[in-house]
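Student: Below is the structure, and that's it, no one-letter string:
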(Lines give C-alpha, C1' and ligand atoms only; values in the text may rest on other atoms or scores of the structure.)
Protein backbone atom coordinates (compact mmCIF):
# COMPACT_ATOMS: atom_id res chain seq x y z
CA UNK A 1 0.00 0.00 0.00
CA UNK A 2 2.78 2.38 0.91
CA UNK A 3 4.70 1.60 -2.27
CA UNK A 4 1.55 2.12 -4.31
CA UNK A 5 1.08 5.55 -2.80
CA UNK A 6 4.67 6.66 -3.00
CA UNK A 7 5.40 5.58 -6.54
CA UNK A 8 2.98 7.97 -8.25
CA UNK A 9 4.23 10.89 -6.01
CA UNK A 10 7.79 10.33 -7.13
CA UNK A 11 6.62 10.96 -10.70
CA UNK A 12 4.29 13.83 -9.97
CA UNK A 13 6.73 15.93 -7.91
CA UNK A 14 9.38 16.32 -10.63
CA UNK A 15 6.63 17.10 -13.12
CA UNK A 16 5.18 19.70 -10.77
CA UNK A 17 8.62 21.27 -10.35
CA UNK A 18 9.02 21.52 -14.11
CA UNK A 19 5.59 23.17 -14.43
CA UNK A 20 6.35 25.68 -11.67
CA UNK A 21 9.75 26.49 -13.14
CA UNK A 22 8.18 26.96 -16.56
CA UNK A 23 5.52 29.20 -15.05
CA UNK A 24 8.20 31.27 -13.34
CA UNK A 25 10.10 31.72 -16.60
CA UNK A 26 6.88 32.75 -18.35
CA UNK A 27 6.14 35.29 -15.61
CA UNK A 28 9.67 36.69 -15.80
CA UNK A 29 9.32 36.84 -19.56
CA UNK A 30 6.06 38.77 -19.22
CA UNK A 31 7.64 41.32 -16.87
CA UNK A 32 10.64 41.61 -19.21
CA UNK A 33 8.26 42.20 -22.12
CA UNK A 34 6.46 44.93 -20.18
CA UNK A 35 9.80 46.45 -19.18
CA UNK A 36 11.12 46.72 -22.73
CA UNK A 37 7.78 47.18 -24.47
CA UNK A 38 5.19 48.39 -21.94
CA UNK A 39 2.75 49.33 -24.69
CA UNK A 40 0.65 52.48 -24.73
CA UNK A 41 -0.67 54.28 -21.66
CA UNK A 42 -3.76 52.47 -20.33
CA UNK A 43 -5.92 55.58 -20.73
CA UNK A 44 -6.52 58.41 -23.19
CA UNK A 45 -7.68 62.02 -22.95
CA UNK A 46 -10.69 62.75 -25.15
CA UNK A 47 -11.84 66.26 -25.97
CA UNK A 48 -15.56 66.64 -25.28
CA UNK A 49 -16.06 70.42 -25.07
CA UNK A 50 -14.14 73.64 -25.72
CA UNK A 51 -14.70 77.37 -25.75
CA UNK A 52 -14.37 80.55 -23.71
CA UNK A 53 -15.21 81.03 -20.05
CA UNK A 54 -18.88 81.70 -20.92
CA UNK A 55 -19.19 78.06 -21.97
CA UNK A 56 -18.06 76.85 -18.54
CA UNK A 57 -19.95 79.08 -16.06
CA UNK A 58 -19.68 76.63 -13.16
CA UNK A 59 -15.87 77.02 -13.16
CA UNK A 60 -16.21 80.61 -11.85
CA UNK A 61 -13.41 82.00 -14.06
CA UNK A 62 -15.07 85.32 -14.87
CA UNK A 63 -11.98 87.24 -13.72
CA UNK A 64 -9.99 85.74 -16.61
CA UNK A 65 -12.10 86.41 -19.76
CA UNK A 66 -9.17 85.76 -22.13
CA UNK A 67 -8.78 82.10 -21.17
CA UNK A 68 -9.58 79.33 -23.64
CA UNK A 69 -10.93 76.20 -21.98
CA UNK A 70 -11.41 72.55 -22.84
CA UNK A 71 -13.07 69.70 -21.03
CA UNK A 72 -11.35 66.37 -21.52
CA UNK A 73 -12.67 63.01 -20.42
CA UNK A 74 -10.23 60.28 -19.44
CA UNK A 75 -11.17 56.90 -20.88
CA UNK A 76 -9.74 53.44 -20.26
CA UNK A 77 -9.91 50.87 -23.02
CA UNK A 78 -12.82 48.49 -22.50
CA UNK A 79 -14.76 50.85 -20.22
CA UNK A 80 -17.66 52.83 -21.61
CA UNK A 81 -17.80 55.46 -18.88
CA UNK A 82 -15.00 57.98 -18.34
CA UNK A 83 -12.91 57.46 -15.19
CA UNK A 84 -12.22 61.19 -14.75
CA UNK A 85 -12.73 64.64 -16.25
CA UNK A 86 -10.16 67.39 -16.63
CA UNK A 87 -10.68 71.12 -17.20
CA UNK A 88 -7.75 72.62 -19.05
CA UNK A 89 -6.99 76.29 -19.67
CA UNK A 90 -4.54 78.23 -21.77
CA UNK A 91 -3.96 81.82 -22.76
CA UNK A 92 -3.07 82.44 -26.41
CA UNK A 93 -0.45 79.95 -27.54
CA UNK A 94 0.75 79.12 -24.05
CA UNK A 95 1.06 75.54 -22.82
CA UNK A 96 -2.15 73.94 -21.48
CA UNK A 97 -2.65 73.97 -17.71
CA UNK A 98 -4.89 71.63 -15.75
CA UNK A 99 -7.09 73.78 -13.51
CA UNK A 100 -9.76 71.31 -12.43
CA UNK A 101 -9.97 67.52 -12.01
CA UNK A 102 -12.86 65.23 -11.11
CA UNK A 103 -12.29 61.54 -10.44
CA UNK A 104 -15.33 59.38 -11.24
CA UNK A 105 -14.04 56.19 -9.62
CA UNK A 106 -13.40 55.34 -6.00
CA UNK A 107 -9.69 56.21 -5.92
CA UNK A 108 -7.53 59.04 -7.28
CA UNK A 109 -6.37 58.55 -10.85
CA UNK A 110 -3.54 60.63 -12.34
CA UNK A 111 -4.53 63.81 -10.42
CA UNK A 112 -6.31 64.42 -7.12
CA UNK A 113 -9.77 65.98 -7.10
CA UNK A 114 -9.61 69.77 -6.87
CA UNK A 115 -11.97 72.56 -5.92
CA UNK A 116 -11.66 75.34 -8.49
CA UNK A 117 -13.65 77.85 -6.42
CA UNK A 118 -10.77 77.93 -3.91
CA UNK A 119 -8.20 78.58 -6.66
CA UNK A 120 -10.31 81.38 -8.16
CA UNK A 121 -10.16 83.20 -4.79
CA UNK A 122 -6.50 82.40 -4.05
CA UNK A 123 -5.11 83.67 -7.37
CA UNK A 124 -6.45 87.27 -7.13
CA UNK A 125 -5.20 87.49 -3.53
CA UNK A 126 -1.71 86.48 -4.64
CA UNK A 127 -1.84 88.97 -7.52
CA UNK A 128 -2.84 91.79 -5.17
CA UNK A 129 -0.56 91.18 -2.21
CA UNK A 130 2.53 89.27 -3.33
CA UNK A 131 5.54 91.28 -4.58
CA UNK A 132 6.02 90.87 -8.33
CA UNK A 133 9.64 89.77 -7.93
CA UNK A 134 8.96 87.32 -5.09
CA UNK A 135 10.01 83.68 -5.40
CA UNK A 136 6.93 81.45 -5.16
CA UNK A 137 7.32 77.80 -4.22
CA UNK A 138 4.38 75.41 -4.57
CA UNK A 139 3.66 71.92 -5.85
CA UNK A 140 4.22 71.97 -9.61
CA UNK A 141 0.51 71.73 -10.53
CA UNK A 142 -0.39 74.59 -8.17
CA UNK A 143 2.61 76.56 -9.48
CA UNK A 144 1.41 76.28 -13.07
CA UNK A 145 -2.09 77.41 -12.08
CA UNK A 146 -0.67 80.41 -10.21
CA UNK A 147 1.46 81.34 -13.23
CA UNK A 148 -1.55 81.15 -15.57
CA UNK A 149 -3.95 83.12 -13.35
CA UNK A 150 -1.57 85.72 -11.87
CA UNK A 151 1.10 86.26 -14.53
CA UNK A 152 3.74 85.80 -11.83
CA UNK A 153 6.71 83.50 -12.31
CA UNK A 154 6.85 80.67 -9.74
CA UNK A 155 9.96 78.51 -9.38
CA UNK A 156 8.24 75.49 -11.04
CA UNK A 157 6.46 76.14 -14.33
CA UNK A 158 6.41 72.82 -16.23
CA UNK A 159 4.60 69.48 -15.98
CA UNK A 160 6.78 67.53 -13.56
CA UNK A 161 4.43 64.52 -13.12
CA UNK A 162 5.61 63.86 -9.55
CA UNK A 163 4.17 61.68 -8.24
CA UNK A 164 2.40 59.61 -10.89
CA UNK A 165 -0.88 58.68 -9.21
CA UNK A 166 -2.10 55.33 -10.48
CA UNK A 167 -3.51 51.99 -9.35
CA UNK A 168 -1.11 49.07 -8.82
CA UNK A 169 -2.32 47.33 -11.97
CA UNK A 170 -0.91 50.22 -14.04
CA UNK A 171 2.59 50.11 -12.47
CA UNK A 172 4.16 48.04 -15.30
CA UNK A 173 3.15 50.82 -17.69
CA UNK A 174 4.61 53.64 -15.62
CA UNK A 175 7.09 54.69 -18.32
CA UNK A 176 4.35 54.77 -20.95
CA UNK A 177 2.15 56.86 -18.67
CA UNK A 178 4.99 59.30 -17.95
CA UNK A 179 5.69 59.71 -21.68
CA UNK A 180 1.99 60.12 -22.51
CA UNK A 181 1.61 62.81 -19.86
CA UNK A 182 4.74 64.66 -21.05
CA UNK A 183 3.53 64.59 -24.65
CA UNK A 184 -0.04 65.61 -23.81
CA UNK A 185 0.92 68.64 -21.72
CA UNK A 186 3.80 69.63 -24.05
CA UNK A 187 5.77 71.09 -21.18
CA UNK A 188 8.84 68.91 -20.51
CA UNK A 189 10.92 69.99 -17.51
CA UNK A 190 14.62 70.72 -17.50
CA UNK A 191 16.96 68.60 -15.39
CA UNK A 192 17.56 71.62 -13.17
CA UNK A 193 13.85 72.09 -12.53
CA UNK A 194 13.47 68.38 -11.73
CA UNK A 195 16.40 68.60 -9.30
CA UNK A 196 14.93 71.64 -7.57
CA UNK A 197 11.54 69.98 -7.23
CA UNK A 198 13.15 66.97 -5.55
CA UNK A 199 14.81 69.40 -3.12
CA UNK A 200 11.40 71.02 -2.52
CA UNK A 201 9.96 67.60 -1.64
CA UNK A 202 12.98 66.99 0.62
CA UNK A 203 12.26 70.28 2.39
CA UNK A 204 8.60 69.46 3.04
CA UNK A 205 9.50 65.97 4.29
CA UNK A 206 12.20 67.27 6.65
CA UNK A 207 11.84 68.57 10.17
CA UNK A 208 11.07 72.31 10.16
CA UNK A 209 14.53 73.77 10.84
CA UNK A 210 16.23 71.72 8.12
CA UNK A 211 13.27 72.10 5.74
CA UNK A 212 13.21 75.89 5.91
CA UNK A 213 16.95 76.02 5.19
CA UNK A 214 16.30 74.08 1.97
CA UNK A 215 13.45 76.48 1.08
CA UNK A 216 15.86 79.43 1.52
CA UNK A 217 18.34 77.64 -0.75
CA UNK A 218 15.63 77.31 -3.43
CA UNK A 219 14.52 80.96 -3.35
CA UNK A 220 18.16 82.07 -3.60
CA UNK A 221 18.06 85.19 -1.46
CA UNK A 222 14.81 86.60 -2.92
CA UNK A 223 11.74 87.31 -0.82
CA UNK A 224 10.12 83.90 -0.74
CA UNK A 225 6.66 82.43 -0.22
CA UNK A 226 5.37 78.87 -0.06
CA UNK A 227 1.85 77.94 -1.19
CA UNK A 228 0.71 74.54 0.07
CA UNK A 229 -2.56 72.66 -0.22
CA UNK A 230 -3.99 70.01 2.08
CA UNK A 231 -3.85 67.43 -0.75
CA UNK A 232 -0.06 67.96 -1.01
CA UNK A 233 0.33 65.73 2.06
CA UNK A 234 -0.87 62.73 0.05
CA UNK A 235 1.40 63.52 -2.89
CA UNK A 236 4.39 63.96 -0.58
CA UNK A 237 3.58 60.63 1.07
CA UNK A 238 3.78 58.94 -2.34
CA UNK A 239 7.12 60.61 -3.10
CA UNK A 240 8.78 60.17 0.30
CA UNK A 241 7.09 57.14 1.93
CA UNK A 242 10.15 56.50 4.09
CA UNK A 243 9.81 59.92 5.75
CA UNK A 244 6.09 60.56 5.96
CA UNK A 245 3.29 58.02 6.18
CA UNK A 246 -0.07 59.16 4.77
CA UNK A 247 -3.41 57.44 4.33
CA UNK A 248 -6.77 58.82 3.23
CA UNK A 249 -10.45 57.93 3.34
CA UNK A 250 -13.50 59.62 1.81
CA UNK A 251 -16.52 60.24 4.02
CA UNK A 252 -19.90 61.06 2.41
CA UNK A 253 -21.71 64.12 3.77
CA UNK A 254 -25.50 64.33 3.50
CA UNK A 255 -25.76 68.04 4.35
CA UNK A 256 -24.46 70.79 6.60
CA UNK A 257 -26.15 69.18 9.60
CA UNK A 258 -24.20 65.98 8.97
CA UNK A 259 -20.74 67.56 9.49
CA UNK A 260 -20.63 66.85 13.23
CA UNK A 261 -21.46 63.20 12.65
CA UNK A 262 -18.77 62.91 9.97
CA UNK A 263 -16.15 64.40 12.30
CA UNK A 264 -17.00 61.74 14.88
CA UNK A 265 -16.59 59.04 12.22
CA UNK A 266 -13.21 60.46 11.17
CA UNK A 267 -11.90 60.49 14.76
CA UNK A 268 -13.15 56.94 15.26
CA UNK A 269 -11.40 55.82 12.06
CA UNK A 270 -8.18 57.47 13.25
CA UNK A 271 -8.39 55.69 16.61
CA UNK A 272 -9.26 52.29 15.16
CA UNK A 273 -6.24 52.44 12.85
CA UNK A 274 -3.92 53.98 15.48
CA UNK A 275 -3.10 56.93 13.23
CA UNK A 276 -1.29 59.93 14.74
CA UNK A 277 -3.37 62.82 13.34
CA UNK A 278 -5.56 64.01 10.49
CA UNK A 279 -6.83 66.92 8.43
CA UNK A 280 -9.94 67.19 6.28
CA UNK A 281 -10.68 68.75 2.89
CA UNK A 282 -14.21 69.05 1.52
CA UNK A 283 -13.42 68.91 -2.20
CA UNK A 284 -17.11 68.62 -3.10
CA UNK A 285 -20.48 69.37 -1.53
CA UNK A 286 -21.04 65.78 -0.50
CA UNK A 287 -17.61 64.27 0.18
CA UNK A 288 -15.02 65.05 2.86
CA UNK A 289 -11.60 63.54 2.29
CA UNK A 290 -9.63 62.92 5.48
CA UNK A 291 -5.84 62.60 5.24
CA UNK A 292 -4.23 60.71 8.11
CA UNK A 293 -0.63 60.66 9.35
CA UNK A 294 0.19 57.07 10.12
CA UNK A 295 2.85 57.60 12.82
CA UNK A 296 4.30 60.18 15.21
CA UNK A 297 7.43 60.72 13.08
CA UNK A 298 5.28 62.01 10.23
CA UNK A 299 3.75 64.72 12.45
CA UNK A 300 7.23 66.29 12.84
CA UNK A 301 7.71 67.02 9.12
CA UNK A 302 7.60 70.59 7.83
CA UNK A 303 4.52 70.06 5.64
CA UNK A 304 2.56 68.36 8.44
CA UNK A 305 3.34 71.37 10.64
CA UNK A 306 2.23 73.81 7.91
CA UNK A 307 -1.17 72.17 7.33
CA UNK A 308 -4.16 72.35 9.69
CA UNK A 309 -3.62 68.89 11.12
CA UNK A 310 -4.95 67.89 14.53
CA UNK A 311 -1.28 67.76 15.56
CA UNK A 312 -0.24 71.26 14.36
CA UNK A 313 -0.68 74.91 15.41
CA UNK A 314 -0.45 76.83 12.16
CA UNK A 315 -1.01 80.31 13.66
CA UNK A 316 1.85 79.84 16.13
CA UNK A 317 4.22 78.10 13.73
CA UNK A 318 7.47 80.10 13.72
CA UNK A 319 9.86 78.62 11.08
CA UNK A 320 7.58 80.10 8.37
CA UNK A 321 4.76 82.62 8.91
CA UNK A 322 1.19 82.05 7.76
CA UNK A 323 0.02 85.09 5.76
CA UNK A 324 -3.12 83.82 4.00
CA UNK A 325 -5.54 80.90 3.99
CA UNK A 326 -8.33 80.04 1.56
CA UNK A 327 -10.06 76.67 1.69
CA UNK A 328 -7.40 74.01 1.39
CA UNK A 329 -4.67 76.51 0.42
CA UNK A 330 -2.26 78.13 2.88
CA UNK A 331 0.35 80.77 1.99
CA UNK A 332 3.47 81.14 4.14
CA UNK A 333 6.27 83.68 4.03
CA UNK A 334 9.80 82.31 4.31
CA UNK A 335 11.71 84.49 6.80
CA UNK A 336 15.15 85.62 5.78
CA UNK A 337 17.99 83.85 7.56
CA UNK A 338 18.86 85.30 10.96
CA UNK A 339 22.26 87.03 10.90
CA UNK A 340 24.88 85.15 12.84
CA UNK A 341 26.56 86.67 15.90
CA UNK A 342 29.68 87.13 13.82
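Tutor: Thanks, I have the structure now. No experiment lies behind these values; they were computed from the predicted model shown.
Student: All the helices of the stretch 201-342 of the chain, in order from the start?
Tutor: For the stretch 201-342 of the chain, helices defined by DSSP state H, counting those that start in this stretch occupy the ranges 208-219, 232-239, 259-272, 296-299, 302-306.
Student: which residues are contacting the longest one?
Tutor: Yep, that's helix 259-272 we're talking about. 249, 251, 253, 275, 277-278, 280, 288, 290, 292 (CB atoms under 8 Å, 6 or more residues apart in numbering). Any C-beta I mention is one placed from the backbone N, CA and C, and that applies to glycine too.
Student: returning to that earlier point: from the helices of the stretch 201-342 of the chain, which stretch is densest packed?
Tutor: By mean neighbour count, with neighbours taken as mean count of other CB atoms under 10 Å, helix 302-306 ranks first of the helices of the stretch 201-342 of the chain at a mean of 25.
Student: how far is it from where the chain is centred?
Tutor: Chain-centre distance of helix 302-306: 16 Å, with CA atoms, centre = their mean, to the nearest Å.
Student: which ones among the contacts of helix 259-272 are found in strands?
Tutor: 249, 251, 277-278, 280, 288, 290, 292 (DSSP state E).
Student: Just the buried residues out of these, in ChimeraX syntax.
Tutor: Only the buried entries of those go into this ChimeraX selection, using 16 or more other CB atoms under 10 Å:
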select :251,277,278,280,288,290,292
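Student: residue ranges of the helices in the stretch 51-200 of the chain, please?
Tutor: Secondary structure of the stretch 51-200 of the chain (DSSP H, counting those that start in this stretch): helices at 116-129, 140-150, 174-185, 191-205.
Student: tell me the most buried of these?
Tutor: helix 140-150 (a mean of 23).
Student: Just the angle for that helix relative to helix 191-205, thanks.
Tutor: Interaxial angle, helix 140-150 versus helix 191-205 (axes from the mean of the first three to the mean of the last three CA atoms, to 10 degrees): 110 degrees.
Student: Run through who's touching helix 140-150.
Tutor: In contact with helix 140-150 (CB under 8 Å, 6+ apart) are residues 64, 67, 89-91, 94, 97-99, 111, 119-120, 122-123, 126-127, 130, 136-138, 152-160, 162, 187, 197, 227, 229, 232, 329.
Student: ok, residue 192 to residue 116 distance?
Tutor: 31 Å (CB to CB, to the nearest Å).
Student: Quick one: residues contacting residue 154.
Tutor: Counting by CB under 8 Å, 6+ apart, residue 154 touches 135-138, 143-144, 146-147.
Student: Tell me the one of those nearest residue 210?
Tutor: residue 137 (15.7 Å; CB to CB).
Student: count of neighbours near the closest one?
Tutor: Residues near residue 137, counting by other CB atoms under 10 Å, number 24.
Student: Then residue 315?
Tutor: Neighbours around residue 315, by other CB under 10 Å: 9.
Student: Could you do residue 109 as well?
Tutor: Neighbours of residue 109 (other CB under 10 Å): 20.
Student: Format the helices of the stretch 51-200 of the chain as JSON lines; extra columns: distance to residue 40 and mean pLDDT.
Tutor: Listed next are the helices of the stretch 51-200 of the chain as JSON lines, based on distance: least, CB to CB, whole Å; pLDDT from 0 to 100:
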{"stretch": "helix 116-129", "distance to residue 40": "30", "mean pLDDT": "96"}
{"stretch": "helix 140-150", "distance to residue 40": "24", "mean pLDDT": "97"}
{"stretch": "helix 174-185", "distance to residue 40": "6", "mean pLDDT": "93"}
{"stretch": "helix 191-205", "distance to residue 40": "24", "mean pLDDT": "97"}
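Student: Let me have these in JSON lines, adding distance to residue 83 as columns.
Tutor: Below are those laid out as JSON lines (distance: least, CB to CB, whole Å):
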{"stretch": "helix 116-129", "distance to residue 83": "19"}
{"stretch": "helix 140-150", "distance to residue 83": "19"}
{"stretch": "helix 174-185", "distance to residue 83": "13"}
{"stretch": "helix 191-205", "distance to residue 83": "27"}
